[in-house]
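Asks: prediction below, plus the sequence it came from.
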Amino acid sequence: ADFDNANSFNSVLTINKDFANGVTLTAITAYSAFDYDKQIDSDFTINPLLRTTFQEDFNQVSQEVRLTSPNDGALTWIVGAYAHRNEIDMHQNTGILMGPFNGASDRLFNQTDESYSLYGQATYALNDQWKLTAGLRQTWEDKAADQTRATTGAVPPSWVNTPLSGQRKESQLDPSVQVQYVLDRNTMFYASYAKGSKAGGFVGAQSTGGQNAFEFEGETSQSFEVGAKLTLLDGRATLNLAAYTSKFEDLQVSGFNAATNAFITTNAASAKSQG
């Protein structure tokens, strides 16, 4: 019979300390975990031709420390550091009873991920009309993963037993900048730029058996936006306008793998979103 069970636990501890000069120190410690069990009739017929069970166990601990300036001066700022570590274990068992096949496979996948970042952002009011905001974030990420597979009985030839493993060390520097012009209390114009990044990783419990399909690359984006925020008719109406464009490199997508009739995470060369 099909079933789907999940349990999760989340906890957060936040500590704030206000200093006499108006600076605030904030420390945030968090822990989260879940376990997941699922069984499905993969062939979607009344006959037990293909059955799959999934088990996942995940846990993560994170720590953030940041300093925030008082907000009553021409210059306001925030600086901080963030770190987290997580681990996931996955077990997938698939049994097949179809044509010449009468067997099963067990796939085990383990991944650990450590991430560290330093960040800062500052806003400076040049005068009553102009404000300049700039930010910077440096991130380091280290991932390691292993997958093994064991088969019994007669199984499709694509269910190979090749062990897979990999390790990724990445670092990204992501800047951002925004210029804001306030004509009066009812009219504001702005322009902004930001670079974003997403680390690469590994495909959990994928069945191709190849190292190239096991690993996918990191993703980056470059975004530009201009806009206006207007209050009209003596405050009875508001109008917000924006034009944006975002260019992605190595976009992470769900791609169809014809060899195994499955979707896995892979990279597109590039993509653009604008409007």
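Replies: Yep, that arrived.
Asks: tell me where the stretch 151-275 of the chain has helices.
Replies: With DSSP state H, counting those that start in this stretch as the criterion, the stretch 151-275 of the chain has helices at 211-214.
Asks: show me the shaky parts of it.
Replies: Applying pLDDT under 70 to the predicted model, the residue ranges of the stretch 151-275 of the chain that meet it are 205-209, 259-261.
Asks: quick one, strands of it?
Replies: Using DSSP state E, counting those that start in this stretch, the strands found in the stretch 151-275 of the chain span residues 164-184, 187-198, 201-202, 215-216, 219-232, 237-257, 262-274.
Asks: could those strands go into CSV alongside distance to residue 83?
Replies: Where C-beta positions appear, they are placed from N, C-alpha and C, glycine not excepted. Shown next, in CSV, are those (distance: least, C-beta to C-beta, whole Å):
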stretch, distance to residue 83
strand 164-184, 14
strand 187-198, 17
strand 201-202, 18
strand 215-216, 24
strand 219-232, 22
strand 237-257, 23
strand 262-274, 25
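Asks: pretty sure residue 4 is touching residue 54, no?
Replies: No: with contact defined as C-beta atoms under 8 Å, residue 4 does not reach residue 54; the gap is 9.3 Å.
Asks: higher neighbour count, those two?
Replies: In this view residue 4 and residue 54 are compared by other C-beta atoms under 10 Å, and residue 54 has more residues nearby, 17 against 10.
Asks: residue contacts, the more buried one?
Replies: Under the criterion of C-beta atoms under 8 Å, 6 or more residues apart in numbering, the neighbours of residue 54 are 36-39, 90-92, 205.
Asks: now those in TSV, please, with extra columns for distance to residue 107.
Replies: TSV is the format used below for those (distance: C-beta to C-beta, whole Å):
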residue	distance to residue 107
36	15
37	15
38	14
39	15
90	8
91	7
92	5
205	5
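Asks: mind giving me the ChimeraX select for those residues, buried ones only?
Replies: ChimeraX command restricting the contacts of residue 54 to the buried ones, with burial defined by 16 or more other C-beta atoms under 10 Å:
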select :39,90,91,92,205
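Asks: inside strands: which ones of the contacts of residue 54?
Replies: Where the contacts of residue 54 overlap with strands, as defined by DSSP state E, the overlap consists of 36-39, 90-92.
Asks: taking those residues, tell me the two that lie furthest apart.
Replies: Maximum pairwise distance among the ones in strands among the contacts of residue 54 (C-beta to C-beta): 14.5 Å, between 39 and 90.
Asks: how about the nearest residue to residue 192 once chain neighbours are set aside: which residues does it bridge to?
Replies: With C-beta to C-beta, 6 or more residues apart in numbering as the criterion, residue 192 has its nearest non-adjacent residue at 4.0 Å, and that residue is residue 178. Counting by DSSP bridges, residue 178 forms beta bridges with residue 133, residue 192.
Asks: which residues do residue 4 and residue 54 both contact?
Replies: Overlap between the neighbourhoods of residue 4 and residue 54 consists of 37-39, taking contacts as C-beta under 8 Å, 6+ apart.
Asks: kindly indicate which of the residues you listed lies nearest residue 114.
Replies: For those, with residue 114 as the reference and C-beta to C-beta as the criterion, the closest is residue 37, at 27.1 Å.
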